[in-house]
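Asks: From the sequence below, what's the structure:
(one chain, ligands or ions: 1)
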Amino acid sequence: MGDTEQRYVKEAFETNWIAPLGPNVNGFEYAIKEKLGNSVHAAVLSSGTAAIHLGLQLLGVQRGDEVLCQSFTFSASANPILYLGAKPVFIDSEKDTWNMSPLLLRQAIENRIEEKGVPKAIIAVHLYGMPYKVEAIQRIANEYNIPVLEDSAEALGSTYKNKACGTFGDIGVLSFNGNKIITTSGGGALVSKNKAYTDKAIFLATQARDDAPHYQHSHIGYNYRMSNVLAGIGRGQMEVLQDRVDSRRSNYAFYQNMLGSLKGIEFLNEADGYYSNRWLSCILTPSFEIRERLRLALLDENIESRPLWKPLHLQPIFNECKQFSDGTSESLFNRGLCLPSGSNLCRADLDRVTDCIKKTLL
Ligand SMILES: *Cc1c(COP(=O)(O)O)cnc(C)c1O
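Replies: Predicted structure coming up:
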């Protein structure tokens, strides 16, 4: 936490705004708008998953529809497709950003059009904070007239060509879960340049009450709005977002500096125009065996590291789903490791990690 979160939370108590609306909710939405660019509107919600669920509905996804989804991601990117009774079609990654492959996306769209019809939406993810190939993906989406839901849950503070991640899709999704770069303990946001989307998201997230003196409903509603107490934490966190990005980027730079010359260890560099928040610092090793040797050596010294996300097309829950894969994300999963990445790591912590890795690989 930074310095001001408790002040905003205290204000919520003092003014008795303990509800899923109030000054902190409005203030947090305003802060998000300022950070992402003023042409963007924000609706803060109870989670990023809730934002994806509402976002897919706003894009018209219904039972039986197909939704193209990046396979290399956390399961929450795709679960809301199933909530709606729609079908995920998984798209593998390319090697430059580890995100959705434009080549496989096009193949998938052409195949689905031939066999079933135009897919209803594309879910592209800025994984670990690295922007996906925004222009290539958008060009394809425009060509086939398919809307993009931009999962920016891990990429708050990242930019592509100086524009904020979260602002590229028809709808963008942010997360403030406890593990993200800033947090409200749990929370998320749906953002869009189209105010009709954020207005409708707020309507659906607050039980879809029609305009009437009594309780009148002509839509299925959800209880997905963010609490004014948690939004107070969010306002304070927005003030330290850039500090957190700086810390995460400095962790990454340290690891790259200390480990970049080790044989077989690879890092994911930023191409021109790409700016990652470096939410997690990840490395690639030459093989599954070496990755496991490293992970266990770190664990032996009480240092937790984790394999990269397991691709969704390999997850039991999704094993019936269509997939367009070329082995890229599977190889990343087998060879990759997320190193300790917290914003509060000190030099001694980082030294312990790199010393252990160097010792293990020599
Ligand atoms: C965390 C995360 C989500 C879900 O956000 P929650 O706020 O935890 O519901 C969705 N997609 C990705 C890529 C995430 O990392």
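
Asks: quick one: secondary structure of residue 49?
Replies: Following DSSP: H, G, I helix; E, B strand; the rest coil, residue 49 is assigned to helix.

Asks: and if you look at residue 172?
Replies: Secondary structure, three-state DSSP: residue 172 is strand.

Asks: who are the neighbours in contact with it?
Replies: Residues counted as contacts of residue 172 (Cβ atoms under 8 Å, 6 or more residues apart in numbering) are 36, 40, 149-150, 152, 165-166, 190-192. Placement of C-beta: from N, CA and C, glycine included.

Asks: Quick check: residue 338 is in a strand.
Replies: Yes: the assignment for residue 338 (three-state DSSP) places it in a strand.

Asks: what's near enough to touch it?
Replies: 128, 280-282, 305-308.

Asks: Strands - which of those land there?
Replies: Members of the contacts of residue 338 lying in strands (criterion: DSSP state E): 281-282, 306-307.

Asks: Could you list which of those also contact the ligand?
Replies: Contacts with the ligand within the ones in strands among the contacts of residue 338, counted by Cβ under 6 Å from any ligand atom: none were found.

Asks: List buried residues within those.
Replies: For the ones in strands among the contacts of residue 338, a neighbour count by 16 or more other Cβ atoms under 10 Å gives the buried set as 281-282, 307.

Asks: Reformat the contacts of residue 338 into TSV and put distance to residue 361 and pLDDT next to each item.
Replies: Compiled in TSV, the contacts of residue 338 are given as follows (distance: Cβ to Cβ, whole Å; pLDDT from 0 to 100):
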residue	distance to residue 361	pLDDT
128	22	98
280	20	98
281	17	98
282	16	98
305	14	98
306	18	98
307	17	98
308	19	98
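
Asks: between those residues, which is closest to the ligand?
Replies: Among the contacts of residue 338, residue 128 lies closest to the ligand (Cβ to the nearest ligand atom), at 8.9 Å.

Asks: wait, isn't the closest one in contact with residue 270?
Replies: No: at 11.8 Å, residue 128 does not count as touching residue 270 under the criterion of Cβ atoms under 8 Å.

Asks: Those two: which has the busier surroundings?
Replies: residue 128 (27 against 16; other Cβ atoms under 10 Å).

Asks: show me the contacts for the more buried one.
Replies: Residue 128 is in contact with 98, 154, 268, 276, 278-280, 282, 338, counting by Cβ under 8 Å, 6+ apart.
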